[in-house]
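Undergrad: Please work out how this folds:
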Amino acid sequence: MLRRYFLFAVLLTAPALAADPPKGFTTLFNGKDFTNFKGWDIHGKGGSPVELAKLTPEERQAKFDAWTAALKDHWTVEDGALVNKGTGPFLASVKDYGDFELLVEYKLTPTVDAGIYPKGIPQIQVWDPEDPAQVKNGNAKGSGGLWNNQPADAVERMPLVKADKPAGEWNQFRIIVVGERCTVYLNDKLVVDHARLQNYYDRKSPVAKAAPFLLQTHAPKLPIHWRNIFVREIPATEANELLAKKAGDGFKAIFNGKDFDGWQGATANYEVVDGAVRCKKGKSGVLYTKDEYADFQVQLEIKFPKGSGNNGLGIRYPGKGDGAYDGMCELQVLNDDYGKIDPRQAHGSAYGMAAAARGYQRPQGEWNYQVVTVKGSTIQVELNGTRILDTDLSKITEYMANSPHPGKENTKGYFGFLGHGDQVEFRNVKIKENK
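TA: Numbers count the residues shown, from 1 in each chain. Predicted coordinates:
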């Protein structure tokens with residue numbers, strides 16, 4: 001009996017340890033110290049990602065070293081939880097994360113306002129729904145929304161449902177980020193559904209391909225507790241499947257993975273390999289559909305060969321001529337590491353007219369998932385969950401090399417591939433007409 005009592009007393013006084021991670025996840029917070037984390041005063045002077053990018057690597061490291069040293073003055077570990085009283089640098093993961101799933105629990109003191117910054121971007125909102133001082137900001141709708149998305153009435157800015165537990169109880173987030181697409185569950189209820197996370201620091205640019213996530217400190221100076229922080233990196237195949245599922249209904253396969261039934265043009269210069277269509281090495285020409293399209297969406301997967309990978313998507317191609325100029329446009333398909341080019345030649349660009357954001361491809365040899373939306377004179381391109389192009393071709397007046405694009409006003413035409421001799425592969429090609 002004495003032995004049992006002694007063991008019970010030890011359990012009561014021993015510090016709490018981090019729970020075991022779910023299958024496939026790794027533990028980020030060990031329940032004892034700041035291992036796997038660093039300090040980041042992201043809203044302090046010179047602390048934003050835009051400002052840090054202007055510094056030398058040595059200057060950036062010096063800032064992070066100072067912020068990390070300051071953690072001990074503002075953060076503590078109590079009973080297996082990270083505790084902050086609303087002051088000091090944010091707690092940031094040492095590692096950058098691209099596509100990931102994050103599990104984290106938090107407990108609020110009444111009236112506390114905080115958040116989680118996926119990919120260093122504010123923020124998945126955390127606050128007390130009962131705080132009367134925040135009613136004007138919509139706190140009664142609950143936590144979990146993407147608070148800094150614009151405009152102020154954006155649907156994803158507030159959660160779909162209120163799922164908070166009362167202040168003083170533990171809540172759990174499940175956060176899934178693929179590209180800039182963010183899905184949030186709070187206490188097992190869906191509160192954000194595959195919404196685009198906007199770049200608070202540069203609204204004209206997408207979020208970073210990979211970056212740390214942060215736990216926010218925020219006035220008033222009252223405690224917030226965090227614990228059981230687990231993360232899982234999402235592999236490319238799973239990410240692509242998720243994105244395709246979220247693309248919606250109404251898409252029809254236009255490539256059967258076996259032959260060129262439904263296609264015309266340079267069929268002799270292309271081949272089907274393992275369910276994918278690719279241009280034969282050293283060959284070129286336009287392979288295009290037998291059907292024409294006006295407004296449409298197309299989704300497909302793209303894989304680049306080793307070395308050079310140059311092709312293009314023909315949009316509203318008229319059936320003859322150069323797809324880049326006689327069609328509405330060529331959406332460039334090109335390795336991101338392809339030497340020095342005009343920005344309007346980067347992958348996803350409306351070739352020679354509008355530049356896409358660069359640096360969002362998967363490692364060479366992996367399949368990239370892309371969705372293209374064509375409506376009137378506008379084109380959007382989303383690559384691996386990140387919007388890299390959003391343009392209106394009717395407003396383009398300057399062209400690369402001053403070469404005119406007579407087809408950019410086309411209102412309908414064929415969809416196709418504009419081969420340039422490289423063995424770029426395409427599969428799971430599906431289209432949806434928007435009539």
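Undergrad: burial of the residue nearest to L222 when sequence neighbours are not counted, as a residue count?
TA: When the adjacent residues along the chain are set aside, L222 lies closest to T109, with 4.3 Å between them (C-beta to C-beta, 6 or more residues apart in numbering). (C-beta placed from N, C-alpha, C; glycine too.) In terms of burial, T109 registers 15 neighbours under the definition other C-beta atoms under 10 Å.
Undergrad: and if you look at K290?
TA: A count of neighbours around K290, defined by other C-beta under 10 Å, yields 12.
Undergrad: Could you look up the SS state of it?
TA: Look at K290: counting by DSSP: H, G, I helix; E, B strand; the rest coil, its state is strand.
Undergrad: which ones are touching it?
TA: Contact partners of K290, counting by C-beta atoms under 8 Å, 6 or more residues apart in numbering, are 262-264, 414.
Undergrad: Could you spell out which stretches of this structure belong to which domain?
TA: 15-234, 250-433 (automatic domain parsing).
Undergrad: show me where the stretch 101-250 of the chain has strands.
TA: In chain order, the stretch 101-250 of the chain shows strands spanning 113-117, 124-127, 170-178, 181-186, 189-196, 214-215, 224-233, with DSSP state E, counting those that start in this stretch as the criterion.
Undergrad: Looking at those strands, which one is packed in the most?
TA: For the strands of the stretch 101-250 of the chain, average neighbour numbers computed from mean count of other C-beta atoms under 10 Å are highest in strand 124-127, which has a mean of 26.
Undergrad: can you redo the domains of the chain as CSV with distance to L243 and mean pLDDT?
TA: Formatted as CSV, the entries for the domains of the chain read as follows, by distance: least, C-beta to C-beta, whole Å; pLDDT from 0 to 100:
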stretch, distance to L243, mean pLDDT
domain 15-234, 6, 95
domain 250-433, 5, 96
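Undergrad: Do you have the helices of this protein handy? List them.
TA: For the chain, helices defined by DSSP state H occupy the ranges 2-13, 49-52, 57-69, 236-246.
Undergrad: Mean confidence (pLDDT) on the last one, please.
TA: Averaging the model's pLDDT scores along helix 236-246 yields 97.
Undergrad: Could you do the first one as well?
TA: When the per-residue pLDDT values of helix 2-13 are averaged, the result is 32.
Undergrad: Give the bridge partners for the nearest residue to G327 once chain neighbours are set aside, please.
TA: Sequence neighbours aside, Y317 is the residue nearest to G327 in space, at 4.0 Å (criterion: C-beta to C-beta, 6+ apart). Taking DSSP bridges, one finds Y414 as the beta-bridge partners of Y317.
Undergrad: roughly how far apart are Y317 and F415?
TA: As defined by C-beta to C-beta, to the nearest Å, Y317 lies at a distance of 7 Å from F415.
Undergrad: Looking at the two, which has the bigger crowd around it?
TA: Y317 (30 against 24).
Undergrad: if I pick that one, what's in contact with it?
TA: Residues in contact with Y317, defined by C-beta under 8 Å, 6+ apart, are 286, 288, 323, 326-328, 413-416.
Undergrad: what's the farthest-apart pair in these?
TA: Of all pairs drawn from the contacts of Y317, the one with the largest separation by C-beta to C-beta is D326 and F415; the distance is 14.4 Å.
Undergrad: which one of the contacts of Y317 has the most neighbours?
TA: G327 (32 neighbours).
Undergrad: Thought T411 was touching it, still the case?
TA: No - look at G327 against T411 with C-beta atoms under 8 Å: they stay out of range, at 12.0 Å.
Undergrad: Show me whatever sits in contact with both of the two.
TA: Looking at what touches both G327 and T411 (by C-beta under 8 Å, 6+ apart), the common residues are R316.
Undergrad: related to what we said a few turns ago, so which of the domains of the chain is nearest N240?
TA: Go through the domains of the chain one by one with C-beta to C-beta and the one that ends up closest to N240 is domain 250-433, at 4.1 Å.
Undergrad: distance between the closest one and the chain's centre?
TA: Between the centre of domain 250-433 and the centre of its chain there are 21 Å (C-alpha atoms, centre = their mean, to the nearest Å).
Undergrad: In space, what's closest to Y288 - neighbours in sequence excluded?
TA: Of all residues beyond its chain neighbours, the one nearest Y288 is G416 (2.9 Å), with distances taken as C-beta to C-beta, 6+ apart.
Undergrad: residues contacting that neighbour?
TA: Taking C-beta under 8 Å, 6+ apart as the definition of contact, the neighbours of G416 are 263, 265, 286-289, 313-314, 317, 323.
Undergrad: can you redo the contacts of Y317 as CSV with distance to Q380?
TA: Supplementary listing: these in CSV, determined by distance: C-beta to C-beta, whole Å:
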residue, distance to Q380
V286, 23
Y288, 21
G323, 19
D326, 22
G327, 17
M328, 14
G413, 18
Y414, 20
F415, 15
G416, 19
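Undergrad: Let me know the closest of the residues you listed to G138.
TA: Comparing these against G138 with C-beta to C-beta places M328 closest, at 41.5 Å.
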